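Undergrad: sequence and predicted structure, then a few things I'm wondering about:
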Amino acid sequence: MKIASFNINGIKARAQALPQWLDEAEPDVVVLQEIKSIDENFPREIFEERGYTVETHGQKSFNGVAILSKLPLEDVTRGLPGDLPDGAPDAQARWIEATVMGDTPIRVCGLYLPNGNPVEIENGAPKEGGKYAYKLSWMKRMKARAEALLALEEPFLMAGDYNIIPQDEDAKRPEAWQDDALARPESRAAYREILNLGFTDAFRARTLGPGHYSFWDYQAGAWNRDDGIRIDHILLSPACADLLRDCQIDKEIRGREKPSDHVPIWVDLDA
DNA sequence: ATGCCGCTAGAGTAGCGA
């Protein structure tokens, strides 16, 4: 079973490039981020005519996640459990889950983790109500959700745009990112807290060393200089890691016409 | 030091987010 993650940076803008990649890569399941569309406006037909079931969790203008699947989906849920630190509900559409009913059912979580910039520190702590505090509090909620799913002892994975550069080797120019919300120590620590629950970074289970990226900024000729960062990840639960056959980043997509600034990452599971 | 892109509002550019 091939499961992919792709931050498409706007479904309308990717109406050509996304179906072209789908037809070539033929994933069974895809989690999408930044659909930037309300559910009613999502062009379901493009995917349904290719045999995909479509489940969206969108909002106006920003964010928005979705799951496409050629296999039946069960128990679809939308939104990351938990509220904002002040108790208000989280209005941002960044999380969707479904169980993919293949030979071995796999719970798939699609996520769009907050970017977190600008970093605002007040009295040595992330400023309350700021974007960086939101990112870190969201990661705490994600950790809680991961713990709840681990307790079920069933294979699952969490795939998406994590907006986290895990280590310096995951950036062409790590010094340029050291104070950024994607790489700051608090961000990396929160990511490791989740990882240390027992997850496997699927890509790093197969490929070591520098020079592997999933995002290249549109600005400053980043793609032409291969000035990228690895921020799209697929974390596997222990039972799911046992099923891993392969994990790849489809880098060449970035050099095509009207590309997203991210490229797809996928796993092949023996499931 | 810097080069972009997608979205919305609402009429040309401007602001936001990333």
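TA: Structure's in. What do you need?
Undergrad: can you confirm residue A:268 is in a strand?
TA: Yes. The assignment for residue A:268 by DSSP: H, G, I helix; E, B strand; the rest coil puts it in a strand.
Undergrad: give the bridge partners for it, please.
TA: The bridge-partner assignment for residue A:268, based on DSSP bridges, gives residue A:2, residue A:246.
Undergrad: what does residue A:161 give?
TA: Assessed by DSSP bridges, residue A:161 has beta-bridge partners residue A:112, residue A:232.
Undergrad: right, and it touches residue A:112 too?
TA: Yes. Contact criterion C-beta atoms under 8 Å: residue A:161 and residue A:112 qualify, at 5.2 Å. Every C-beta, even on glycine, is put in place using the N, C-alpha and C of the backbone.
Undergrad: which neighbours do the two share?
TA: Shared contacts of residue A:161 and residue A:112, defined by C-beta atoms under 8 Å, 6 or more residues apart in numbering, are found at A:7, A:33, A:34.
Undergrad: go through those and name the one nearest residue A:203.
TA: Here the nearest of the shared contacts of residue A:161 and residue A:112 to residue A:203, counting by C-beta to C-beta, is residue A:7; it sits at 15.2 Å.
Undergrad: roughly how far apart are the closest one and residue A:232?
TA: Counting by C-beta to C-beta, to the nearest Å, the separation of residue A:7 from residue A:232 is 6 Å.
Undergrad: common neighbours of those two, please.
TA: Shared contacts of residue A:7 and residue A:232, defined by C-beta under 8 Å, 6+ apart, comprise A:160, A:161, A:215, A:262.
Undergrad: from those residues, which two are the most distant?
TA: With C-beta to C-beta as the measure, no two of the shared contacts of residue A:7 and residue A:232 lie farther apart than A:160 and A:215, at 12.4 Å.
Undergrad: neighbour count: those two, which is higher?
TA: Taking residue A:160 and residue A:215 together and counting by other C-beta atoms under 10 Å, residue A:160 has the greater number of neighbours (26 against 22).
Undergrad: name the residues that touch the worst-scoring helix or strand of chain A on mean pLDDT?
TA: Sorting the helices and strands of chain A by mean pLDDT, DSSP states H and E puts strand A:121-122 at the bottom, at a mean of 92. Here strand A:121-122 makes contact (C-beta under 8 Å, 6+ apart) with A:127, A:128, A:132.
Undergrad: give me the buried subset of those.
TA: Among the contacts of strand A:121-122, those that count as buried by neighbour count (16 or more other C-beta atoms under 10 Å) are residue A:132.
Undergrad: kindly reformat the contacts of strand A:121-122 as JSON lines containing secondary structure, distance to residue A:67 and pLDDT.
TA: Formatted as JSON lines, the contacts of strand A:121-122 follow (DSSP: H, G, I helix; E, B strand; the rest coil; distance: C-beta to C-beta, whole Å; pLDDT from 0 to 100):
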{"residue": "A:127", "secondary structure": "coil", "distance to residue A:67": "34", "pLDDT": "94"}
{"residue": "A:128", "secondary structure": "coil", "distance to residue A:67": "33", "pLDDT": "93"}
{"residue": "A:132", "secondary structure": "helix", "distance to residue A:67": "28", "pLDDT": "96"}
